[in-house]
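Colleague: next come a sequence and a model predicted from it.
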2 protein chains.
Amino acid sequence: MVAVGTKPHHARSLAEVLVEGDHRGHYSHGLNRMDMYVKDIQSGICAKEGEPVVEKQSAATALVDGKNLLGPVVGNFCMDLAVKKAKEVGIGWVVAHGSNHYGIAGHYAMLALKENMIHVIHQHVPTGGSTRGKQCTLGTNPISVAAPGKDGDSFVLDMATSAVALGKVELHDRRGDSIPEGWGCDAEGKLSTDPKKVLNGGGLVPIGGSEATGGYKGYGLGMMVEVFCGILAGAHYSSNIRTWKVTDRVANLGQCFVAINPENFAPGFTERMSDLMSIQRGLEPADPDAPVLAAGDPERTNMKKCDELGGIPYHINVVNYMNDCAKRIGVSPLLPCDKVISE
Amino acid sequence: MVAVGTKPHHARSLAEVLVEGDHRGHYSHGLNRMDMYVKDIQSGICAKEGEPVVEKQSAATALVDGKNLLGPVVGNFCMDLAVKKAKEVGIGWVVAHGSNHYGIAGHYAMLALKENMIHVIHQHVPTGGSTRGKQCTLGTNPISVAAPGKDGDSFVLDMATSAVALGKVELHDRRGDSIPEGWGCDAEGKLSTDPKKVLNGGGLVPIGGSEATGGYKGYGLGMMVEVFCGILAGAHYSSNIRTWKVTDRVANLGQCFVAINPENFAPGFTERMSDLMSIQRGLEPADPDAPVLAAGDPERTNMKKCDELGGIPYHINVVNYMNDCAKRIGVSPLLPCDKVISE
């Protein structure tokens, strides 16, 4: 990123969130996307100079102009501001316009887990449909919420409000598998189990699937994210947002960051939080081999695996892709690895 | 309610939310539940004396003790306080413990639509399951968000984070119909299309249905509601909450009320909000007879129907039920109606 002109501290912000995506096992949001950010800076569609600016603020709120900087630069700026306000008045609600794609939403939710409960909502590019509609106008519109428990334990929800992420459909397509009913629809807006139909003219459906099984709730939650991001921030929204991976114009994404200080509410938050997670994890599972989890547990398992390996394992395709990218811009490739892990 | 000793202004708060439930077409949350509130006051399990008390507050937050008063009394108190704070610092985040069931969540979300965007989350009694778990520890845990558009138009989301409400399963059971897969599970935690299995030892599943179709997202959202209500407020949570309709002990429900003032963010909120709803409503529908809606549209249709009829139409069973209740406590029955509408 620095080689193509990104300021070093902006590059660091991006590096942190991408590596964290991989560390948590969300490889679709990690180094795998490096090239996109490099191109955004090279083409100038994303700004490399300047810093985000607070346009309007109160003790508890702020409106930020992201100045078209890299998403993680805007995200870190907003989350820091939200946490600062939460320390003073118990809550900070910060929205940004003029932002860009910022990696995993959970990164921002976890930024101040030690002191705060954090609730992040952000807006994505259109890949998802509306209950009853043919055209995709909503994004995967993720919601992330992190809350601290005792002894470093935490609840970390990080979810798209579409039934699944697009990458899961692509994976099934590459394998030649059909997808479960309730993931996506064809170009006519009908549910389809054919990944090709979903990828070519169709789209993801909101969580809940069809109208009969409550898909209108996922659609409502997706709209809620539009309201808290594009609408509240005065950024692009719905069909005004540019298409995913089409970078012919500035993204102007809206994002929303909320920090809540449990100290402003009932004492003993972390103890109750740990108790709640213990109750859930201790439930008798329907399948003895699949224990009940709390949000964040699958990611914790992946991080533990990485820590035991002494690093994040990457598929050789990702390493080759990164090294092609490194070669193109004239920087050192990833070091050769002495631990090759077969799948 | 006054006949059994409720203070008149508390009774009025309850009356308003119950009638609004019916007016909006959510008959499961209206007069149909009158008897429950009457019994709660008669038995003394719900308090009739006193007012809610602010235990702790900042410019933007408050912790309220609901003093075991009727849910709508606590809800109105908290929402008024949240709106007052939002007028001053852009946001008010108020949580209550010691509350009771409060009718439709949307009522509180809509309280100050004229000036504010409002976001309410509340906690319900355990009727819902967790992804992978056998036992039901989470409630239907609704989320409600209301946001003002132009000329009185609005976005009003009011949804349980379970796939459906329990009443829908009961309705299918009474009719002898099976339920769609993805609504509920049996006592072993397996998805079932038999309403009897769901009602007897089984439970509702979170929105998204099975793990394959994203049910863990609904489970995560249900947990998020527990965090913002029971955990943040220091009220009961998860399996500590008393069973639905079992009133052997005080409910001590936690509820969370948030008011956000769009004036603290980008100018032109209501215009963008109306534009977003226009985009969605204008989408070409997959089925020409089922237009794409915005959250709140089905309720608007029901309210319009009531207004044209000059009142809320009730099923004769509800009228008889209300009049039995009136007789028992010695108050006037509902007036005879000259407009009998057949279903």
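Modeller: Everything's here; your move.
Colleague: so A:Ala163 makes contact with A:Gly184?
Modeller: Yes - A:Ala163 is in contact with A:Gly184 according to CB atoms under 8 Å; the separation is 7.5 Å. All C-beta atoms are positioned from the backbone trio N, CA, C, and that covers glycine.
Colleague: residues shared between the contacts of these two?
Modeller: Counting by CB atoms under 8 Å, 6 or more residues apart in numbering or on different chains, the common neighbours of A:Ala163 and A:Gly184 are A:204-205.
Colleague: can you pull out the helices in chain A?
Modeller: A:8-23, A:34-43, A:71-89, A:105-110, A:166-175, A:195-199, A:215-226, A:232-233, A:269-281, A:297-309, A:316-329 (DSSP state H).
Colleague: tabulate these (TSV), appending distance to B:Ala60, mean pLDDT and mean neighbour count.
Modeller: Converted to TSV, these look like this (distance: least, CB to CB, whole Å; pLDDT from 0 to 100; neighbours: other CB atoms under 10 Å in any protein chain shown):
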stretch	distance to B:Ala60	mean pLDDT	mean neighbour count
helix A:8-23	28	95	18
helix A:34-43	35	92	17
helix A:71-89	4	94	23
helix A:105-110	20	84	27
helix A:166-175	37	82	16
helix A:195-199	43	91	21
helix A:215-226	21	89	27
helix A:232-233	16	94	29
helix A:269-281	17	93	20
helix A:297-309	31	94	14
helix A:316-329	44	88	14
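Colleague: reformat the ones you listed as a markdown table; add distance to B:Phe228.
Modeller: Converted to a markdown table, those look like this (distance: least, CB to CB, whole Å):
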| stretch | distance to B:Phe228 |
| --- | --- |
| helix A:8-23 | 25 |
| helix A:34-43 | 34 |
| helix A:71-89 | 15 |
| helix A:105-110 | 14 |
| helix A:166-175 | 29 |
| helix A:195-199 | 34 |
| helix A:215-226 | 14 |
| helix A:232-233 | 19 |
| helix A:269-281 | 11 |
| helix A:297-309 | 20 |
| helix A:316-329 | 37 |
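Colleague: now these as TSV including distance to chain B?
Modeller: Formatted as TSV, those follow (distance: least, CB to the nearest CB, whole Å):
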stretch	distance to chain B
helix A:8-23	18
helix A:34-43	24
helix A:71-89	4
helix A:105-110	11
helix A:166-175	10
helix A:195-199	13
helix A:215-226	4
helix A:232-233	5
helix A:269-281	5
helix A:297-309	9
helix A:316-329	26
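Colleague: of those, which approaches B:Leu69 most closely?
Modeller: Smallest distance to B:Leu69 across the helices of chain A (CB to CB): 23.0 Å, for helix A:269-281.
Colleague: ok now that closest one, how far from the chain's centre?
Modeller: 25 Å (CA atoms, centre = their mean, to the nearest Å).
Colleague: give me the contact list for that helix.
Modeller: A:117, A:147-151, A:153, A:155, A:262-263, A:291-294, A:297, B:130, B:133, B:137, B:223, B:226-227, B:230-232, B:234, B:237-239.
Colleague: and the angle for it with helix A:297-309?
Modeller: 100 degrees (axes from the mean of the first three to the mean of the last three CA atoms, to 10 degrees).
Colleague: now do the contacts for A:Leu334.
Modeller: With CB under 8 Å, 6+ apart, A:Leu334 has these contacts: A:319, A:322-323, A:326.
Colleague: quick one: it from A:Gly182, how far?
Modeller: 38 Å (CB to CB, to the nearest Å).
Colleague: go on, A:Val89?
Modeller: 42 Å.
Colleague: just for the stretch 51-200 of chain A, where's the confidence low?
Modeller: For the stretch 51-200 of chain A, applying pLDDT under 70 flags the ranges A:114-130, A:132, A:134.
Colleague: thinking A:Gly209 is in contact with B:Ser210, fair?
Modeller: No - A:Gly209 is beyond contact range of B:Ser210, at 10.3 Å (criterion: CB under 8 Å).
Colleague: overlap of the contact sets of those two?
Modeller: In contact with both A:Gly209 and B:Ser210: B:Gly182, using CB under 8 Å, 6+ apart.
Colleague: higher neighbour count, these two?
Modeller: In this view A:Gly209 and B:Ser210 are compared by other CB atoms under 10 Å in any protein chain shown, and A:Gly209 has more residues nearby, 28 against 18.
Colleague: roughly how far apart are the more buried one and chain B?
Modeller: Counting by CB to the nearest CB, to the nearest Å, the gap from A:Gly209 to chain B is 6 Å.
Colleague: which residues touch the closest residue in space to A:Gly268 that isn't next to it in sequence?
Modeller: Nearest non-adjacent residue to A:Gly268, counting by CB to CB, 6 or more residues apart in numbering or on different chains: B:Gly234, 6.7 Å away. The neighbours of B:Gly234, taking CB under 8 Å, 6+ apart as the test, are A:265-268, A:272, B:63, B:97, B:254.
Colleague: okay if I get those residues as CSV plus distance to A:Ser192?
Modeller: Output for those, formatted as CSV (distance: CB to CB, whole Å):
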residue, distance to A:Ser192
A:Phe265, 45
A:Ala266, 47
A:Pro267, 51
A:Gly268, 49
A:Arg272, 43
B:Leu63, 48
B:His97, 46
B:Gly254, 41
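Colleague: quick one, phi psi at the residue of the stretch 51-200 of chain A found nearest chain B?
Modeller: Taking CB to the nearest CB, chain B has its nearest neighbour within the stretch 51-200 of chain A at A:Gly189, 3.0 Å off. When read as degrees, to the nearest 10, the backbone of A:Gly189 gives phi 80, psi 10.
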